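Asker: Please find the sequence and the predicted model below.
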Amino acid sequence: MALPFLPGNSFNPNIGKTKFHLSHHFDTKNDVGMWVGETKPGVGGDALPSTKPKHDHSTYPSGENPNQPAWVAFDKQVLSFEAFYQEAVHERREEQFRVRKCKIFFYLEDDSVQVIEPREKNSGLPQGTLIRRHRIPLPAPNEDHFYRVEHFNVGTEVMFYGKKFKIASCDPFTENFLRKLGVKVGGTESIPDDPYMSFRKKADGELNPLRPYERRDKLRQFLDHDRQVLRFWGSWDDTSNLYGDLHEMIVHYYLADDTIELKEVLPANSGRENYPKFLQRGKLPKQTSALLPPGTMTDRTVLNVLGAEGRETGSSARYLLDALKTGAVNPEAYSDADLRIGTTINVYGRKLILVDCDDFTKEYYRKKFGIEDFTPLRGKARDFPCQLEDSSAECAGSKKGEKEWPPYNGFGSEEDSLNSCKSLLPNPPKHDFHKFMLLDRDGYESHTIRFLARIVTDHPVESTRSFVISFFLSDDTILIFEPPKPNTGIIGGKFLERGRVKKPGQPRYNSKLPDYYNVSDLYVGANIVVNGFCFNLIDADEYAYSFMERNPQQFPCADIAAVMGKLAGQLAGQESELHRCLAQLDPDNAGYVLFDNLAQLLRETAGSMISEHEIRTVGRYYGTKGDGGVDSSTLAGVLQNQLRKKNFDSFTPLRDALIQEDRHKCGMLDHVTVRRVIKANRVPLPEEMLSMLMQSLSDENGFIPYGELVNHINWRDCPAALAKQQASMASPAEWVRDVQNAARPIVNYRALAADLFKR
């Protein structure tokens, strides 16, 4: 009997209670602050009637990184189990139950579960994702808890929403993970076969096709020879008949399926109807016979085994394919081996003589059949291949001659205006797509050669302007850019939009297409005229030199063999004079001279017969870079002397800033970080000196020991022995210039002279 809720009859719940704190709104979960929300307790931590219990998660032993939360430590790690369940089938005679195979995925990051059933062909069942990914509660009476990793093991059964799954096996990762958790993994069990699906597979294997077929593998031929067509020009002489004429034909033989197509080429004002095709594409038989009845020529021959008797007895007729092809009519058709220049083919009673073929056809017969004689039969036809756009140069002297086009009218480009004269519906000019794909930018291979140029003029201001001329090999276009220079009064930027540039001295309105600058017209020392401005190419970048040397057939000025042969012819008989001049340039008898001195000597001896680019080709082939390095003690003395003059002594903050950037505490930093920290601390070092210091201290991976770098410039704590000797130096720029001059390129003139006069 319950007591009435009256004063004196109720118990005080606070009796014996020691905690009366208010619950907080935030809590930590996996070391991450989260809002408590609906799980917030009452005073003293007691649960309220509206408080929902906290969901427990799987507990994993701490590893190398115990502070990482589960959603970071087990990101993209999934346990995979092979399972099955049995489904009852009612009111069906063929089956009483089905065995459905599925996969169970347990995601370690949040204890979510996903069940997927692999799709089977023609199963008629909705397959795929059976249970989407989420946390699945345990069966009653524990529905307030969820499945964790300890609930899954091979050989156990799990209940998902009233459906019982039997786990049969798992993958190696899952087995290894469970063993590391201390779980004894059960043995792999076999999944029973579905009786009805086994019956279906057996029935499908016994079925015979209602329409028997014979396998003919033509896919290989199609893939090997698709879009490959042999083209012949032929002639059919029909002058023996009344009102007959000499018909000119184009024969197309398609290698993909061995079919032939004929097109007639009609001359102007022939008076005949211009049909698109003379013969539809198809197999061309060698012998012409009378028209066969329908069904005589078929792809397959079918035998009716039971025939009418089977229909009378009520049994279904059985059909088989005639493997012997009894009575099959297969007329012999023309193949590629039957087509040659001078061969006469029978086109349904019309004698067609093949008189010529194109270059692709010649190459095909040369490789496959070893034929080398492709002499055309001129005189069998009226030289009609000359009427085609892609005809060869043999037709240049034909009776019709070249067609004269009207001159350029000034609208659009010359190519665009010419196409408007070739057809009633003008087409845009066609570009060399193969060249574009071959020479377009590909990664670090830009296929763009750049030159440094100046304007050839007597004007003192214009002659000092520098331009960068870029030639794009993919479409032979030129772009001219002027680098901006401060305090010159000239606004730099794009000087010429990218496009093709015509050569000077051509008529404006001409019936022929103009000549444009191509890649062979650009080299160091050449002059090009663009819109009335004459540019002299004075230098090129490293990529341009290397690209020209890799392709000497396109750039004769970069072909070392051709240049040496040219020099040998120019300097014939001057061997002693050249040796004397070279010896004067090398007083130390080291065998090397500066490239600038050698270039001046070649200009004086060879004169205008050798270009500037050819001189640089010789220097690059026989040259090397001088040793312009400086030892660390000398460099430290120069740097400390520079900082002492600037009264810079904040080395401790600089060292602390570098240590702060070193996240791994290894004592090494990359170039970018060191340069940024030095600039941030306002270290008064010129850019050239700073680059030399960083280059001298960097290792093979590009990292710099910043502690050693600070010691090199710390003139207070680590003074260099040569710092006082550098005090008399005029300026840092002068010292850097001397070091750079020591690193100028030099040429091995002895090897050059030996190769030059050996020729």
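Answerer: On my side now, so go ahead.

Asker: Could you check how many residues crowd around the spatially closest residue to Gly33 that is not a sequence neighbour?
Answerer: Excluding the flanking residues, the one nearest Gly33 by C-beta to C-beta, 6 or more residues apart in numbering is Phe26, at 5.5 Å. Using the backbone N, CA and C atoms, a C-beta is placed for each residue, glycine as well. By other C-beta atoms under 10 Å, the residues close to Phe26 number 10.

Asker: For Phe26, give its distance to Ile191.
Answerer: 48 Å (C-beta to C-beta, to the nearest Å).

Asker: What of His151?
Answerer: The gap separating His151 from Ile191 is 20 Å, by C-beta to C-beta.

Asker: ok, now Tyr60?
Answerer: Tyr60 is 30 Å from Ile191, by C-beta to C-beta.

Asker: repeat for Asp257
Answerer: Counting by C-beta to C-beta, the separation of Asp257 from Ile191 is 48 Å.

Asker: For the lengthiest helix in the chain, give the mean pLDDT please.
Answerer: Using DSSP state H to define each element, the chain has its longest helix at helix 632-645. On average, the pLDDT along helix 632-645 is 79.

Asker: sorry, back to before: didn't the residue nearest to Gly33 look like it was pressed against Lys40?
Answerer: No: the criterion here is C-beta atoms under 8 Å, and Phe26 misses it with Lys40 at 9.8 Å.

Asker: host element of the nearest residue to Lys163 once chain neighbours are set aside?
Answerer: Once flanking residues are discounted, Lys163 sits nearest to Tyr85: 5.9 Å by C-beta to C-beta, 6+ apart. Here Tyr85, judged by DSSP states H and E, is contained in strand 78-88.

Asker: What strands line up against that strand, and which way round?
Answerer: Strand pairing for strand 78-88, determined by DSSP bridges: strand 97-107 (antiparallel), strand 163-170 (antiparallel).

Asker: Of the ones you listed, which is nearest Tyr408?
Answerer: strand 97-107 (71.3 Å; C-beta to C-beta).

Asker: Could you list the residues in contact with that closest one?
Answerer: 77-89, 112-118, 125, 130, 133, 147, 149, 152, 158, 165, 167, 191-196 (C-beta atoms under 8 Å, 6 or more residues apart in numbering).

Asker: switch the cut-off to 6 Å
Answerer: Contacts to strand 97-107, defined as C-beta atoms under 6 Å, 6 or more residues apart in numbering, come from residues 78-81, 83-89, 113-117, 152, 191-192, 194.

Asker: Narrow these to just the buried residues.
Answerer: Buried by 16 or more other C-beta atoms under 10 Å: Leu79, Phe81, Ala83, Phe84, Tyr85, Val113, Gln114, Val115, Ile116, Glu117, Phe152, Asp194, out of the contacts of strand 97-107.

Asker: Ser413: which of those is nearest?
Answerer: Among these, Ile116 lies closest to Ser413 (C-beta to C-beta), at 60.9 Å.

Asker: how about the closest one, what does it touch?
Answerer: Counted by C-beta under 6 Å, 6+ apart, Ile116 has contacts Lys103, Thr129.

Asker: Quick check: phi and psi on it?
Answerer: Torsion angles at Ile116 (phi, psi; degrees, to the nearest 10) stand at phi -130, psi 140.

Asker: and it, how far is that from Leu324?
Answerer: Ile116 is 52 Å from Leu324, by C-beta to C-beta.

Asker: do Phe433 as well
Answerer: The value you get for Phe433 to Leu324, if C-beta to C-beta is used, is 52 Å.

Asker: likewise Asp656?
Answerer: 96 Å.

Asker: quick one, which of those two is more surrounded?
Answerer: Asp656 (11 against 8).

Asker: Find the helix or strand that that one is a member of.
Answerer: The secondary structure element spanning Asp656 is helix 651-661 (assigned by DSSP H and E).

Asker: how about the strands in the stretch 51-200 of the chain?
Answerer: Remark: strands assigned in the stretch 51-200 of the chain by DSSP state E, counting those that start in this stretch are 78-88, 97-107, 112-117, 128-134, 157-160, 163-170.

Asker: Between those strands, which one is closest to Leu339.
Answerer: Shortest separation from Leu339 across the strands of the stretch 51-200 of the chain is recorded for strand 128-134, at 56.0 Å, computed as C-beta to C-beta.

Asker: Can you show me the CA trace of that closest one as PDB?
Answerer: Extracted C-alpha coordinates of strand 128-134, given in PDB (Å, rounded to 0.1, in the frame of the first residue of the first chain):
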ATOM      1  CA  GLY A 128      22.600  -4.100 -52.900                       C
ATOM      2  CA  THR A 129      22.600  -2.200 -49.600                       C
ATOM      3  CA  LEU A 130      20.300  -4.100 -47.200                       C
ATOM      4  CA  ILE A 131      21.100  -1.900 -44.100                       C
ATOM      5  CA  ARG A 132      22.600   1.500 -44.600                       C
ATOM      6  CA  ARG A 133      25.500   2.500 -42.400                       C
ATOM      7  CA  HIS A 134      24.600   3.500 -38.900                       C
END
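
Asker: Provide the strand pairings for it, with the direction of each partner.
Answerer: Sheet partners by DSSP bridges: for strand 128-134, these are strand 112-117 (antiparallel).

Asker: How far off centre is the strand it pairs with?
Answerer: Offset of strand 112-117 from its chain centre (C-alpha atoms, centre = their mean, to the nearest Å): 38 Å.

Asker: for that strand, what is the average pLDDT?
Answerer: Strand 112-117 carries an average pLDDT of 93.

Asker: Kindly export it (C-alpha atoms) in PDB.
Answerer: Output in PDB follows, covering the C-alpha atoms of strand 112-117 (Å, rounded to 0.1, in the frame of the first residue of the first chain):
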ATOM      1  CA  SER A 112      28.600   1.900 -37.400                       C
ATOM      2  CA  VAL A 113      27.500  -1.200 -39.300                       C
ATOM      3  CA  GLN A 114      26.600  -1.600 -42.900                       C
ATOM      4  CA  VAL A 115      25.200  -4.700 -44.600                       C
ATOM      5  CA  ILE A 116      25.500  -5.200 -48.400                       C
ATOM      6  CA  GLU A 117      24.300  -8.100 -50.500                       C
END
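
Asker: quick one: least confident helix or strand in this structure?
Answerer: helix 307-313 (a mean of 51; mean pLDDT, DSSP states H and E).
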